[in-house]
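Chemist: Predicted model and sequence below, questions to follow.
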Amino acid sequence: MTEKELRRKAMALPLTPGVYIMKNKDKKIIYIGKAKALKNRVSSYFGSHSNHSLKVIKMVENVDDFDYILCDTEFEALVLECSLIKQHMPKYNILLKDDKGYNYIKVTKDEFPRIRECYRMDDENASYIGPFISNFSVKKAVEETLKIFKLPTCNKQFPRDYGKSRPCLNGFMGLCSAPCNAGITREEYVQNVEDAVDFLKGGSAKAVRDMTARMQEYSENLEFEKAAKLRDRIKAIKNLEEKQKVVSINVPEEDVFAPVNGAKKACFDVLRFKSGRLYDTEHWLIDSVDSLPEARFELIERYYSMREYIPSRIAVDGEIDGEELLRQHLESIRGKKLEIIHPQKGEHLSIVNMCIKNANEHLAQNQGRLGKEMAALEELAELLGLPKPPEYIESYDISHTFGADNVAGMVVFHNGRPMKSAYKRFAIKGFDGQNDVGSMNEVLTRRFNHYYEDEEGSTFKIKPDLILLDGGQPQVSAVLPVIEKMNIDVPVFGMVKDSKHRTRAIAYGGGEIEINSHRSAFTLVSRIQEEVHRFAITYHRKKHQKSSFSSGLMKIDGIGEKKAKALLKHFKTIAKIREATVEELCSVPGISPSNAQDIAKYYQNY
C-alpha cells in the first residue's frame, strides 16, 4: 500500500483502545504498538513527518500494511501488546536481550584447589555452589572471598609452580598468600579454601562465628601466629560488611532504573536491592530514544517481562509516560501492591544518581569515551537546550598582531576529546587590518563551502552538532547569517572570557548563559576555548615569524618576495642565511653572485 492508502485505512479505524501491528511488504511484523484511541494513534504515522524521529520515519517507509485488534480498555491493550511483542520480537520495538543464565561458583579438586565463577557445570573434577541468577553477585562474591582468604587470582598452576617465582603485586600487598613463593604450606592453603567455601555457603555471620571459636582455641594453645591470621580474616570480613553498607537502602527490596540517552545509543541501567543491599546490576545498550518518558515505560515493562521477580518498590530517575497504567500492569503480574517513586532527596536520590552514573559509564565505554566526558556533554546539552549531547563540536578563534597576519584556527572535539586529525588552519584572505567579526564570517563561509564541495573522506564533510566561537555576541551574529544562507542547521554559541582571559559565560541570542556553576560543562568549554586559542595563536606566531623573516630579507637590495622565499626554503632559518658563504648563497636558485655579495654584506653590517 502507498502511504496515502495507509492513511485512508487508518482514518477508518474506531476511536477505541487496541493494538496495531505494522507489517512490511513480506508480511513480516516490524512494529507492534498499543493505543488509547486507535484512529488517532495509527493515522499519526501516515502524513506529515515533521514531528517524527528518523527511526519512526524509517519504520513508516517499510510499512506496507497493518492489522489491528480492538480491546475493551487501554490496560487490556497493554497486556496484549506485551504478549505479542514477546512472541514476535519486532525490529522497531525497544527490545532487551535476555542473556541471563545460571551462574555457579566452581571449586576444583586439585592438590591446590582454585575457586572460580562459571556459567555451566562441565568439569567432573570440581564441585559447584549454585546455581545463582545474578552474575554480578557471583562475581563480587568470588572476588571478595579470594581477597579475604588470600587465595591466588593468577593463572599459575600448583603444585607445578609452587615456590618457583617471586610473588606478584598481590603477594607484596598481602592480598595473596603467595604459594608461588612458598609463602604458605599446602595444608594451610587447603584449610583457607575450606574456610572460603564455608564462607560462600554459610555466609559471613556463620564464618565469623566458626573462625572466632578457632581463633580462641589457637590462642589458648599459644599458637598466636595462627590466631593472628584468623583475627585478620575476621576483620577483613567485617570491613567488607561495612563497605557493603555504603551501597544500601533502608527498605527491604527495591529496583532502581535509569536510562541515559546519547547521540546514537542509549543505555538502560538497573540496580536491584534485597534486604537493603545491592545484589544485582544489569544494563543494556539500545538505539537512541526519541522520548525518555515513553522509553522508561517501555524499558521497565520489557524488563519485567523477562524477570520472574517484581519488588514492592521501584525507583525511577524521571517521568514515565503512562505511569499509572504501568503500575497497574506490574501489580497484575505481581499479585500485590507496588509503589513507583521519583526520589528528590536523601539516600534514594543518591542511589538513583549512582544508577545514572553507571549508565553514563557503560554508554561512555561503548562510545570510546570516559564517563566524566559523557556527563559533561549531557550537562552542556541541557544547559544550551540541545536535543542530544553534541558528539561533534567545532570551535573557532581569530589571531593577529594589530591586524597583521590574520589567521583562524578550527579545533574539533569528538565525544568530548580533541580530534586533532580534523583540526584546520585558515589564513584570512578577504582583507587586511583588524576585523575579528569579518574574519569569522570569512572562515565559516570557507568552511561550509568545503562541506558542499569536498569529496567523501574529508573531515569537512562532517556536519558538526555544535559550533563554539571564541568571542561574544558580535562573532555569533556574524556567523548566523552565513550558516543560514548556506542552509546549515547547526547551533552556534560564543565563548565569553573574563578580564583574566578565563571562560565566564556562553553567548547566545543577545544574552549570556553563566556556566561557572555547571562544573562539568564549564570544564569542557574552558578546555575547548583554551585549545582553540592555543591552536590559532601557534599558527599566527609561525606565520608572523615567517613574515618578519621575509620582510627582513626584502630590505636587501635586489631581494624581493620570490628570492626571500627561495632563501628561506633552502636554508630554513635566518641564522643559517647569515652564516652562509657567498658560494653557498649562489647555490640557491635565482640568487645571482651580486645578490649573494649584497646578502653577505648586509649581514656583516647587521
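Modeler: Cool, got the structure. Residues are numbered from 1 along each chain as shown.

Chemist: gap between residue 211 and residue 196?
Modeler: Taking C-beta to C-beta, to the nearest Å as the measure, residue 211 and residue 196 are separated by 11 Å. Glycine gets a C-beta too; all of them are placed from N, C-alpha and C.

Chemist: center of the chain, which residue is that?
Modeler: The chain has residue 364 as the residue nearest its centroid, 1.8 Å off, counting by C-alpha atoms, centre = their mean.

Chemist: which of residue 211 and residue 196 has more neighbours?
Modeler: A side-by-side neighbour count of residue 211 and residue 196, using other C-beta atoms under 10 Å, places residue 196 first with 23 against 19.

Chemist: Verify the stated contact: the more buried one with residue 143.
Modeler: No: assessed by C-beta atoms under 8 Å, residue 196 is found out of contact with residue 143, at 12.0 Å.

Chemist: Report the set of residues contacting both of those two.
Modeler: Applying C-beta atoms under 8 Å, 6 or more residues apart in numbering, one finds that no residue jointly contacts residue 196 and residue 143.

Chemist: Three-state assignment for the residue nearest to the centre of the chain, please.
Modeler: Three-state call for residue 364 (DSSP: H, G, I helix; E, B strand; the rest coil): helix.

Chemist: what's the spacing between the helix or strand harbouring residue 521 and its chain's center?
Modeler: Following DSSP states H and E, one finds residue 521 within helix 519-553. Distance, stretch centre to chain centre, for helix 519-553: 29 Å (C-alpha atoms, centre = their mean, to the nearest Å).

Chemist: Show me which residues of it are buried.
Modeler: Buried residues in helix 519-553, defined by neighbour count with 16 or more other C-beta atoms under 10 Å: 520-529, 531-533, 535-537, 539-540, 543-544, 549-550, 553.

Chemist: ditto for stretch 70-78
Modeler: Along stretch 70-78, these residues count as buried under the neighbour rule (16+ other C-beta under 10 Å): 71, 74-78.

Chemist: One more: stretch 172-189?
Modeler: If you call a residue buried by 16+ other C-beta under 10 Å, then stretch 172-189 has these buried ones: 175-181, 184, 189.

Chemist: who's in contact with it?
Modeler: Surrounding stretch 172-189, the residues in contact under the criterion C-beta under 8 Å, 6+ apart are 111-112, 147, 150-154, 156, 158-159, 161-168, 170-171, 192.

Chemist: Buried among those? Need that as a selection in ChimeraX.
Modeler: Selecting in ChimeraX just the buried members of the contacts of stretch 172-189, where the criterion is 16+ other C-beta under 10 Å, is done with this command:
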select :112,150,151,152,158,162,167,168,170,171,192
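
Chemist: Of the contacts of stretch 172-189, which belong to helices?
Modeler: Judged by DSSP state H, helices contain the following of the contacts of stretch 172-189: 147, 170-171, 192.

Chemist: Out of the residues you listed, the closest to residue 53 would be?
Modeler: Checking these against residue 53 by C-beta to C-beta gives residue 147 as the nearest, at 47.4 Å.

Chemist: Which of the helices and strands in this structure ranks last by mean pLDDT?
Modeler: Among the secondary structure pieces of the chain, namely its helices and strands, helix 224-246 has the lowest mean (mean pLDDT, DSSP states H and E), a mean of 67.

Chemist: So what touches the helix or strand encompassing residue 302?
Modeler: Remark: residue 302 resides in helix 292-305, with elements defined by DSSP H and E. Applying C-beta under 8 Å, 6+ apart, the contact partners of helix 292-305 are 78, 82, 85-86, 93-96, 257, 259, 261, 266, 268, 270, 289, 310, 314, 316, 318-323, 325-326, 329-330, 333.

Chemist: quick one: the helices in the stretch 51-200 of the chain?
Modeler: Under the criterion DSSP state H, counting those that start in this stretch, the stretch 51-200 of the chain carries helices at the ranges 54-61, 74-88, 135-148, 169-172, 186-220.

Chemist: who wins for proximity to residue 504 among those?
Modeler: helix 54-61 (36.5 Å).

Chemist: now the closest one, how far from the centre of its chain.
Modeler: How far helix 54-61 lies from its chain's middle: 26 Å, per C-alpha atoms, centre = their mean.
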